[in-house]
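A.B. asks: Show me how the following folds:
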Amino acid sequence: NASAVDVAHAICAFRFLISLDLSGCDDLHDRALSTIGVGLPTLQVLSMQGCRDVSDVGIGALLERCTSLRSLDLGWCDVS
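C.D. replies: Sure thing, here's the model as predicted:
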């Protein structure tokens, strides 16, 4: 089974990806968000509905790196 970080590394192979939907990824957590932030600096749209294992720390790390992000869907996530 691939971990969330393994999947994040695979996604980052598409460095110029601008839209990504990770809704319902139960295993997505802060470390994976940090990897995505580093690997996808041009990301503009990200949906993470229902990803309950991410925290404010992971979201902060993502936002620091993905400065082009215009839309972030955190529906049903346990963040403040």
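A.B. asks: Quick one: the helices in the protein, in order.
C.D. replies: 4-11, 30-39, 56-65 (DSSP state H).
A.B. asks: residue nearest the centroid of this protein?
C.D. replies: residue 33 (4.3 Å; CA atoms, centre = their mean).
A.B. asks: hmm, back to that, pick the most buried one from the helices of the chain.
C.D. replies: helix 30-39 (a mean of 21; mean count of other CB atoms under 10 Å). (C-beta placed from N, C-alpha, C; glycine too.)
A.B. asks: so how far is that one off the chain centroid?
C.D. replies: The chain centroid and the centroid of helix 30-39 are separated by 6 Å under CA atoms, centre = their mean, to the nearest Å.
A.B. asks: Over to stretch 64-73?
C.D. replies: 9 Å.
A.B. asks: That one - what's its average pLDDT?
C.D. replies: For stretch 64-73, mean pLDDT is 97.
A.B. asks: about what we covered before: so which of the helices of the chain gets nearest residue 50?
C.D. replies: Nearest to residue 50, of all the helices of the chain, is helix 4-11, at 13.8 Å by CB to CB.
A.B. asks: Show residues contacting the helix or strand of the chain at the bottom of the mean pLDDT ranking.
C.D. replies: Least confident helix or strand of the chain, by mean pLDDT, DSSP states H and E, is helix 4-11 with a mean of 89. Contact with helix 4-11 is made by 2, 17, 20, 25, 27-29, 31-33, 35-36, 39-40, as judged by CB atoms under 8 Å, 6 or more residues apart in numbering.
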